[in-house]
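In: Here you go, sequence then predicted model.
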Amino acid sequence: MDTDRIEREIVIAAPVERVWSLVTEPGFWVGEGDPTGVEPREGELLVSEHGEYGRYPMRIERIEPHRYISYRWASTFPGEEPRPGNSTLVEFTLAADGGKTRLRVVESGFAALDAPEETRRRSHVDNTEGWATELEGLRERAEQ
């Protein structure tokens, strides 16, 4: 079992433009609040608030509109700005598939976290479970 990365892929019955608009909502997978009017840019630091789990600053690494976006975040260290040693990289790749969208998410870098092995393992397990839930929620929103 690879405990450094998580990979998931789903097909969503919605066009790429619709899925892209949802994926680029800052912190759609962890957060509360209204992202209206926020346009992500490479290098920008955005903060997602989650009442139960805390604040999650996320740095946008790369954007290729309607195809790819990546964020770096410190999910194991809520409230900390992402930096080497405390963050993982989340990558979303979108591809048209007929009138649908194939969405692939990869989160990597768990093995490089400056944390005890048990903490890294728990973070990987938690995020693996979280991605299943978040992607299903994204599918439901996109297909409405």
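Out: Happy to help now that I have it. Numbers count the residues shown, from 1 in each chain.
In: Please identify the buried residues of the worst-scoring helix or strand of the chain on mean pLDDT?
Out: Of all helical and strand segments in the chain, the minimum by mean pLDDT, DSSP states H and E falls on strand 45-50, at a mean of 79. For strand 45-50, a neighbour-count test (16 or more other CB atoms under 10 Å) marks 46, 48 as buried. The way it works is simple: take the backbone N, C-alpha and C, and place the C-beta from them, glycine included.
In: And it, what does it pack against?
Out: Applying 3 or more CB pairs under 8 Å, 6 or more residues apart in numbering; DSSP states H and E, one finds that strand 45-50 makes contact with strand 54-64.
In: Spell out for me which residue occupies the centre of the protein.
Out: The centre of the chain sits closest to residue 90, judged by CA atoms, centre = their mean, with a distance of 4.9 Å.
In: Tell me who's in contact with that residue.
Out: 70, 71, 72, 73, 105, 106, 107 (CB atoms under 8 Å, 6 or more residues apart in numbering).
In: Repeat that for residue 4.
Out: The contact partners of residue 4, taken as CB under 8 Å, 6+ apart, are 108, 109, 110, 111, 112, 124.
In: Narrow those residues to those that are buried.
Out: Buried positions within the contacts of residue 4, assessed by neighbour count (16+ other CB under 10 Å), are 109, 110, 124.
In: Can you tell me the SS state at the closest residue to residue 131 other than its chain neighbours?
Out: Sequence neighbours aside, residue 8 is the residue nearest to residue 131 in space, at 5.1 Å (criterion: CB to CB, 6 or more residues apart in numbering). When the structure is reduced to helix, strand and coil (DSSP: H, G, I helix; E, B strand; the rest coil), residue 8 reads as strand.
In: so how far is residue 72 from residue 8?
Out: Separation of residue 8 from residue 72 (CB to CB, to the nearest Å) stands at 18 Å.
In: For this protein, which segments count as helices?
Out: For the chain, the helices defined by DSSP state H cover 16-23, 117-143.
In: For the first one, name the packing helices and strands.
Out: Read that as helix 16-23. Going by 3+ CB pairs under 8 Å, 6+ apart, helix 16-23 lies up against strand 88-97, strand 100-108, helix 117-143.
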